[in-house]
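build me a model from this:
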Amino acid sequence: MSIFDDDDDDTMEDDINQVDDHLANVHLQTPERAQFQPKFLSTTQEDDQVFLLRLFYQRFFPYKTYFSWLNYGLDISKNFTHREFSFTLPSDIYIRYNSFANVDIMKKEIERLQPIKIDIGAVYSVKPKDKKTVNEKVFKPLEKELVFDIDMTDYDEIRTCCSGGDICHKCWEFMTIAIKVIDVSLREDFGFKHLLWVYSGRRGVHCWVSDERARKLDNESRKAIVGFLEIIKGGAEMSRKVKLPPILHPSLSRSLEIVKPYFGSLVLDAQGVLDTPDEWNKVLDFINDTDIKNELNEQWSEIPSRSGVNKWQDLRNALEHKKRPDRESIARDLIFQYTYPRLDDKVSVQINHLLKSPFCVHPKTQRVCVPINPQMCEKFDPLAVPTLGKLSEELNVYDAKNQDDSDRKIPDYKKTSLRPYIEIFEKFVNTLIIEKQREKRDNAQSSMEF
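Got it, this is the predicted structure:
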């Protein structure tokens, strides 16, 4: 477990020891199934996706830390027992409203069903598994993390390297920008502290804001936060989707400083949005000025190989020459339209909306949905994320090299490339639990004073 460098007083140390002792005592009593834990896995077994998924749920899934996150405390609570979990099984069998009395029961059920996808829902007034035994009016969602879903397909109108479910290192920079912009806004503008960023396993990222204040927000409050963050508005038929006032809100001024360095390297160079007539006309349509559009279209068509940076300067010069009073706003808003995060607001606004769980496995890519450190998000490589096959292979290699160390109780994830991601998750959860324990202690002291 992680010990944090920014607070080394005795109280922090006691809190960490208490959390570590508790997590060590969350016993997972599901019996080990030796027949599924061979020392070495045959090639045939490695090719068997059913076997690999079973291997993952039995030996890699971080049940204890996962439980501590969703329980939000050391003593088991309704935060966990009244939480909805949804399982998708092969052949698109969809099972909603699962809930569990403790982590052992959850582990046993996941190992039994081996879902190809796990979604997390809200905490309800009644245990979700008992939904059919009560009146519909009684069964109400009470709270859930404030979540954000950013999907690369929403960038298809501006990215040129890929489309649909495909991604590459070039377009992944849009996700890096999104993490940086949204993370700092949630922390500085709204005061949230506990943000878990997670790779979706294929083409996007999710953010779980786990502060108690965020979890208790109603739909209208969630909608207001999304409205504050969202600036790209309009359907495919609209050329200009960003139109901001001349003087920006301080939050957007900060965001502009984050996105501007990416405009030249990512948008003009890597995506080449001014390289072809089809792409540069999208930019010129944004300006909505027939004279400038015709002038630049003619100029760029004569020398289409002119660099994107030079064409961008041509556009700025044309706006300046025409002395349009909104010339600075146009250029600024265009930068925003091609770089600012694009949110799926439905996911964020509805408290009962399900979202894919961290540490499940994407059924198409076989990549694990791993946490991302927002402070190091530019170094995150989605194409290097562990897959089921890779984890199985790494486990084999480690065990082959360390046959004499068979008695040592090293967690299997520490033998593989999954280790740094679980450590990010552990540090995140540790911080949550420590804050909760301090809060309980402070409340107890206040009560004693009265």
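
the residue nearest to residue 147 when sequence neighbours are not counted: how many residues sit nearby?
Closest residue in space to residue 147, ignoring its immediate chain neighbours: residue 355 at 5.0 Å, by C-beta to C-beta, 6 or more residues apart in numbering. C-beta coordinates here come from the backbone N, C-alpha and C atoms, glycine included. By the criterion of other C-beta atoms under 10 Å, residue 355 has 21 neighbours.

likewise for residue 304?
Residues near residue 304, counting by other C-beta under 10 Å: 12.

give me the phi and psi for it.
With angles defined as degrees, to the nearest 10, residue 304 shows backbone torsions of phi -60, psi -20.

show me the contacts for it.
275, 276, 277 (C-beta atoms under 8 Å, 6 or more residues apart in numbering).

got a winner among these for most neighbours?
residue 275 leads the contacts of residue 304 on contacts (other C-beta under 10 Å) with 19 neighbours.

distance-wise, check residue 71 relative to residue 84.
Noted for residue 71: a distance of 14 Å to residue 84, by C-beta to C-beta, to the nearest Å.

circling back: want to throw the contacts of residue 304 into JSON lines with pLDDT, distance to residue 242 and secondary structure?
Shown next, in JSON lines, are those (pLDDT from 0 to 100; distance: C-beta to C-beta, whole Å; DSSP: H, G, I helix; E, B strand; the rest coil):
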{"residue": "275", "pLDDT": "97", "distance to residue 242": "22", "secondary structure": "coil"}
{"residue": "276", "pLDDT": "96", "distance to residue 242": "22", "secondary structure": "coil"}
{"residue": "277", "pLDDT": "96", "distance to residue 242": "23", "secondary structure": "helix"}
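
and those residues as TSV, adding distance to residue 111?
Below are the contacts of residue 304 laid out as TSV (distance: C-beta to C-beta, whole Å):
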residue	distance to residue 111
275	51
276	52
277	56
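
any idea which of the residues you listed is closest to residue 391?
residue 275 (40.2 Å; C-beta to C-beta).

all strands for the chain, in order.
Along the chain, the segments classed as strands by DSSP state E run 83-89, 93-98, 117-124, 141-143, 146-151, 195-199, 204-209, 355-356, 371-372.

quick one: the fifth one to chain centroid distance?
Read that as strand 146-151. 7 Å (C-alpha atoms, centre = their mean, to the nearest Å).

which stretches of the chain have low pLDDT?
1-47, 405-408, 444-450 (pLDDT under 70).

just give me the longest helix of it.
What stands out as the longest helix in the chain, according to DSSP state H, is helix 419-449.

which elements pack onto that helix?
helix 10-24, helix 63-71, strand 371-372 (3 or more C-beta pairs under 8 Å, 6 or more residues apart in numbering; DSSP states H and E).

repeat that for 10 Å
Helix 419-449 sits against helix 10-24, helix 63-71, strand 195-199, helix 212-215, strand 371-372, with contacts defined as 3 or more C-beta pairs under 10 Å, 6 or more residues apart in numbering; DSSP states H and E.

quick check: buried residues in that helix?
For helix 419-449, a neighbour-count test (16 or more other C-beta atoms under 10 Å) marks 421-437 as buried.

and stretch 111-125, by the same measure?
In stretch 111-125, counting by 16+ other C-beta under 10 Å, buried: 111, 113-124.

quick one: which of those is nearest residue 254?
residue 120 (30.7 Å).

pretty sure that closest one sits against residue 79.
No: if you go by C-beta atoms under 10 Å, residue 120 and residue 79 don't touch, sitting 11.8 Å apart.

now do the shared contacts for the two.
residue 70 (C-beta atoms under 10 Å, 6 or more residues apart in numbering).

in the stretch 151-300 of the chain, which spans are helices?
169-188, 212-215, 219-229, 250-262, 277-287, 290-302 (DSSP state H, counting those that start in this stretch).

just the angle for the third one relative to strand 146-151, thanks.
Using axes from the mean of the first three to the mean of the last three C-alpha atoms, to 10 degrees, one finds that helix 219-229 and strand 146-151 are set 50 degrees apart in direction.

taking strand 204-209 as reference, get the angle to helix 219-229.
Orientation check (the same axes, to 10 degrees): helix 219-229 against strand 204-209 gives 120 degrees.

helices and strands around helix 219-229, which ones?
Using 3+ C-beta pairs under 10 Å, 6+ apart: helix 219-229 touches strand 146-151, helix 169-188, helix 212-215, helix 250-262, helix 345-349.

so which of those comes closest to residue 320?
That would be helix 250-262 among the helices and strands packed on helix 219-229, by C-beta to C-beta, at 18.5 Å.

output the contacting helices and strands for the closest one.
helix 169-188, helix 219-229, helix 327-339.

flag every buried residue along the shortest one.
The reference is to helix 219-229. Applying 16+ other C-beta under 10 Å to helix 219-229 flags 222, 225, 226, 229 as buried.

what do you get for stretch 395-408?
395, 396, 399.

with stretch 127-138 instead?
Those would be 127, 128, 129, 131, for stretch 127-138 by 16+ other C-beta under 10 Å.

ditto for stretch 320-334
327, 329, 330, 331, 332, 333, 334.

how close does the second one get to residue 287?
The gap separating residue 329 from residue 287 is 11 Å, by C-beta to C-beta.

quick one, what contacts the closest residue to residue 90 other than its chain neighbours?
The shortest distance from residue 90 to any non-neighbouring residue, by C-beta to C-beta, 6+ apart, is to residue 116 (6.0 Å). When contacts are counted by C-beta under 10 Å, 6+ apart, residue 116 touches 49-50, 53, 87-93, 360-364.

give me the most central residue, this protein.
residue 206 (2.3 Å; C-alpha atoms, centre = their mean).

you'd agree that one is up against residue 146?
No: checked against C-beta under 10 Å, the pair residue 206 and residue 146 is beyond contact range at 11.4 Å.

returning to that earlier point: for residue 270, state which of the buried residues of stretch 395-408 is nearest.
Among those, and counting by C-beta to C-beta, the member closest to residue 270 is residue 395, at 36.5 Å.

I figured that closest one hits residue 411, correct?
No: counting by C-beta under 10 Å, residue 395 stays clear of residue 411, with 11.3 Å between them.

overlap in contacts, these two.
With C-beta under 10 Å, 6+ apart, residue 395 and residue 411 have common neighbours 59, 60, 418.

okay, residue 316 and residue 266: tell me how far apart.
From residue 316 across to residue 266, the span is 18 Å (C-beta to C-beta).

just to revisit the earlier point, quick check on the contacts of residue 116: which are buried?
When these are checked for burial by 16+ other C-beta under 10 Å, the buried set is 53, 87, 88, 360, 361, 362.

and the fourth one, backbone torsions?
As for residue 360, its main-chain torsions (degrees, to the nearest 10) stand at phi -90, psi 180.

how near is it to residue 388?
For residue 360, the distance to residue 388 - C-beta to C-beta - is 11 Å.
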